[in-house]
Structures are given as C-alpha cells and as structure tokens.
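[1] quick one: sequence plus predicted model below, questions after.
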Amino acid sequence: MEIKTERLILREFSEKDYDFFYNLKNNEYIHEFEADEIPSKEEITKKFSQILESKNKNPRKYYDFIFVKKNEGVPMGRVLIWEIDDNIKEWEIGWEIHPDFAGKGYSTEASKALVEFAFKELKIHRLQALCNDKNIRSENIMKKIGMKKEGVIRAVRYLNKKWDGSLIYSIIDIDYEENN
C-alpha cells in the first residue's frame, strides 16, 4: 500500500527497510522525550518483525508507513496509526523523523496524509495523539494536522529522573469533515 503527497511517498515497511528502522530507533533525537535509554538491538528487531507481521492481519488494527522523498526514495521517517477501541472506532497516530530531515514539514505532511487515510478509508470516528508535555515539535504537528488539545495528563512519563506529563490532542470525524 502506498500513499502519495506533494513531496512524499508513504509505503509500508519491507524487509529492506530494517537498517533505516534500526538507525531511526537507535537515535537519541527520537527518544529525547520518550525514554531514558535507547532500545536494545533485540527490542528493535522484535518491533520491526511485528511491523512486518501486522500487514498480514485481518482485520488490520495497525498501519506503519515509512516515508520517503518522492523523487529520491530517501527514507526520512515513519508515521503510524493503531486502533485503540473498536467499539467507538478510536485510533491513535504517531510519527518519528530522522534528525537530518526534522523541521522541514515532512512529518506534518506524512501525518496529514495518514489522517486522511484514517477518516476516508478506515472510516474511523476519533483519532488521538499524545506527546511529552515538553515536546513542542510534536505538539505543533498535532495542531497543524487539525487536532484540538484536550488537556494534559499529569506526571505519567518518568524521564531523566523526573515525572513529565503528556499532552493529548484529538480530531473527530465531524472536525475532519468540516475542514476538508
């Protein structure tokens, strides 16, 4: 499966993407607001195998796309959605970008495409995103893709020997339809 935007191609991961995935997950920039330690090679390999296996599930409850520059095929990051609650058609979205490509709008562009996929193709009702309350970059992406702030979940992330909160944003089908 592929999704194309103005500058990007979002495609599902394949075996050949392992090295990029490993380098992405092994990068301190990715974990700055998420964890004190970079995952082990075994943890990264296990996660990559789960991503590949998820493509064969029916019904699908998880989609994970690598995004690449359209004309160059250069891998830059990933964007993913997964089901939280089937009863209310609620999903969550997340993204990661290699620091070499950060700050150029690629994560926002990829995330907007995935939001469109979620509402148009999957027919979801609600899409949420969470980030560390100090992660201004991710919060800005949430705003740019049309999400509304619901609040702060206090002291739920233990990082750097202190508790941080999480910001929670969402967009529902009515919001999406009104803006598209």
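    Sure, I can see it.

[2] confidence-wise, which helix or strand of the chain is lowest on average?
    helix 28-31 (a mean of 88; mean pLDDT, DSSP states H and E).

[3] direction included, what does the helix or strand hosting residue 83 pair against?
    Assigning secondary structure by DSSP states H and E places residue 83 in strand 75-85. Strand pairing for strand 75-85, determined by DSSP bridges: strand 62-69 (antiparallel), strand 90-97 (antiparallel).

[4] make a markdown table out of the ones you listed and add distance to residue 76 and mean pLDDT.
    In this view, the C-beta of every residue, glycine as well, is placed from N, C-alpha and C. Converted to a markdown table, the strands paired with strand 75-85 look like this (distance: least, C-beta to C-beta, whole Å; pLDDT from 0 to 100):
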| stretch | distance to residue 76 | mean pLDDT |
| --- | --- | --- |
| strand 62-69 | 6 | 97 |
| strand 90-97 | 6 | 98 |
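
[5] what bridges to the most centrally placed residue in the chain?
    Centroid-nearest residue in the chain, with C-alpha atoms, centre = their mean: residue 94, separated by 2.1 Å. Here residue 94 sits in beta bridges with residue 80, going by DSSP bridges.

[6] thinking again about what came up before, nearest to residue 30, out of the strands paired with strand 75-85?
    strand 90-97 (5.2 Å; C-beta to C-beta).

[7] now do that closest one: distance to the chain's middle.
    3 Å (C-alpha atoms, centre = their mean, to the nearest Å).
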